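Sequence unavailable; structure follows:
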């Protein structure tokens, strides 16, 4: 289990095993937001309950899975390789679904920041302009969607999507580093 790679399929399989009705993107975004805030599931189990809230879950206690994912994600965030990526549907899936996944990921990430204790508008957490811009951009990306009737040039959409995805990837790493100075 220690060598398990964190990806869309592995998280989806874990969610199915624990019978938790959320998407892998939603869970990953939330966990990354929590960790960016400096909070840790391993020391505050109430964070897990706040995420699960009214979501349908099975009979198995998912705490072990959450702690495992936290450890794996922290290793990625602290790695010198800058290998962090938001987890969304694989490339074979349509841009419409991948856009929805990235939007949901950003929304859950922002929720995780808030649940983790980052009060973005409080006087004590006045953000520098770069951090504030990143958070505002993530809010806008969380609203993104592609309508079913929109005509798409797959090459253009693919390029634009990759730019936005890369922006989110790097921005989250920047936020993690700025809120987790050791």
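Happy to help now that I have it. Only a predicted model underlies this, so the values are computations on that prediction, with no experimental measurement involved.

Give me the buried positions along stretch 95-104.
In terms of neighbour count (16 or more other Cβ atoms under 10 Å), stretch 95-104 has its buried residues at 95, 98-104. Yep, even glycine has a C-beta here, placed from its N, CA and C like the rest.

hang on, I meant stretch 42-54
Buried-residue list, stretch 42-54, by 16+ other Cβ under 10 Å: 47-48, 50-52.

likewise stretch 166-176?
Across stretch 166-176, burial judged by 16+ other Cβ under 10 Å covers 168, 171-173, 175-176.

Looking at the buried residues of stretch 95-104, which are in strands?
Using DSSP state E, no member of those sits in strands.

Where is the longest helix in this structure?
helix 154-179 (DSSP state H).

So which other helices or strands are in contact with it?
The contact analysis (3 or more Cβ pairs under 8 Å, 6 or more residues apart in numbering; DSSP states H and E) places helix 154-179 against helix 24-37, helix 95-115, helix 129-141.

same for the longest one, what does it pack against?
Okay, so that is helix 95-115. Counting by 3+ Cβ pairs under 8 Å, 6+ apart, helix 95-115 packs on helix 24-37, helix 46-52, helix 129-141, helix 154-179.

mind running it again at 7 Å?
helix 24-37, helix 129-141, helix 154-179 (3 or more Cβ pairs under 7 Å, 6 or more residues apart in numbering; DSSP states H and E).

One more: the last one?
Packed against helix 129-141, as judged by 3+ Cβ pairs under 7 Å, 6+ apart, are the following elements: helix 95-115, helix 154-179.

so can I have a markdown table of those showing mean pLDDT and distance to residue 88?
Formatted as a markdown table, the helices and strands packed on helix 129-141 follow (pLDDT from 0 to 100; distance: least, Cβ to Cβ, whole Å):
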| stretch | mean pLDDT | distance to residue 88 |
| --- | --- | --- |
| helix 95-115 | 94 | 4 |
| helix 154-179 | 85 | 8 |
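
Determine which of these approaches residue 141 most closely.
Evaluated over those, closeness to residue 141 peaks at helix 95-115, with 4.7 Å, by Cβ to Cβ.

which outside residues touch the closest one?
23, 25-26, 28-34, 36-37, 47, 50, 86, 88-89, 138-139, 141-146, 152, 157-158, 161, 165, 168, 172 (Cβ atoms under 7 Å, 6 or more residues apart in numbering).
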